[in-house]
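In: predicted coordinates and the sequence they were generated for:
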Amino acid sequence: MTTYSRFLNTLLLLVLWVAPGVAGQPEQGAFEVRIKDHREAIDDFSRLLLTIDSIAISPKPGLRFWQTSWKEFSPSQASLDLTKYVGKKSAKIFRADIDARAFDAFHLRIKSVDGLLKKNQRSAPVKNTIGPVKLSFDIAARGETVLVLDLTVIDLSDHPPRGYELSLKGYELYTNGKLVDKIPPG
């Protein structure tokens, strides 16, 4: 073996030994999810308790589309009274540092919705109609991404057999404190 080939073999072994440690530490950014209500029929309730199962985000597939799946996170605040977060007030339900990358959807998975009406202090069934939402966003390395979900409760009792329904009215997406997307626009 020549000196040159020994050098190449040593260099190759060094690269193979060091590379996994370098590649195993991806950059991270902060991701936060907040919830508020959009003033439709929330005034009918003295209490509207949401129990959140999880927050899920879907990475953009890229070249390995067959390996893509939802990334699920447990909420830091699993239940909240939505009547307390109307207008500009919002509740932080999740915050964590996660691997920086591009995402293309989110899903707020709600376990239960329990409402107590003001007028007769009786419980009222509220149907959860929130599903996955297509939204392209990035979590930048050493950056902060905040997603504010604007939920709404609508009274559809004038369309039997429907009643109260919880849905997503819109969202606001902030990157490093700057509003980058808002639905509905305004």
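Out: Alright, I've got the coordinates. Residues are numbered from 1 along each chain as shown.
In: could you tell me how many residues sit around S123?
Out: 11 (other Cβ atoms under 10 Å). Glycine gets a C-beta too; all of them are placed from N, C-alpha and C.
In: ok, for it, nearest residue in space, not its chain neighbours?
Out: In space, S123 comes closest to L116 once its chain neighbours are excluded; the distance is 5.7 Å by Cβ to Cβ, 6 or more residues apart in numbering.
In: who's in contact with the one you found?
Out: Contacts of L116 were listed using Cβ atoms under 8 Å, 6 or more residues apart in numbering, and they are 45-48, 122-124.
In: repeat that with 10 Å
Out: If you count contacts by Cβ atoms under 10 Å, 6 or more residues apart in numbering, L116 has them with 44-49, 81, 83, 122-124.
In: so where is this structure shaky, pLDDT-wise?
Out: In the predicted model, the chain carries pLDDT under 70 at residues 1, 4-25, 62-68, 186.
In: switch to 50 and redo it
Out: 21-22 (pLDDT under 50).
In: what ranges does the chain have for its strands?
Out: Taking DSSP state E as the criterion, the chain carries its strands at 28-37, 45-59, 71-73, 79-81, 91-99, 101-117, 123-128, 133-139, 144-155, 164-175, 178-183.
In: reformat the ones you listed as CSV; add distance to T2.
Out: CSV is the format used below for these (distance: least, Cβ to Cβ, whole Å):
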stretch, distance to T2
strand 28-37, 44
strand 45-59, 46
strand 71-73, 49
strand 79-81, 70
strand 91-99, 43
strand 101-117, 44
strand 123-128, 71
strand 133-139, 49
strand 144-155, 53
strand 164-175, 54
strand 178-183, 57
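In: for the buried ones among the contacts of L116, write the corresponding ChimeraX selection.
Out: Buried residues within the contacts of L116, as defined by 16 or more other Cβ atoms under 10 Å, are selected in ChimeraX through the command that follows:
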select :44,45,48,49,83,124
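In: distance to K71 for the contacts of L116 - can I get that in JSON lines?
Out: As requested, these are arranged in JSON lines below (distance: Cβ to Cβ, whole Å):
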{"residue": "D44", "distance to K71": "36"}
{"residue": "F45", "distance to K71": "32"}
{"residue": "S46", "distance to K71": "36"}
{"residue": "R47", "distance to K71": "32"}
{"residue": "L48", "distance to K71": "28"}
{"residue": "L49", "distance to K71": "26"}
{"residue": "D81", "distance to K71": "28"}
{"residue": "T83", "distance to K71": "31"}
{"residue": "R122", "distance to K71": "39"}
{"residue": "S123", "distance to K71": "34"}
{"residue": "A124", "distance to K71": "34"}
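In: alright, I will stop here.
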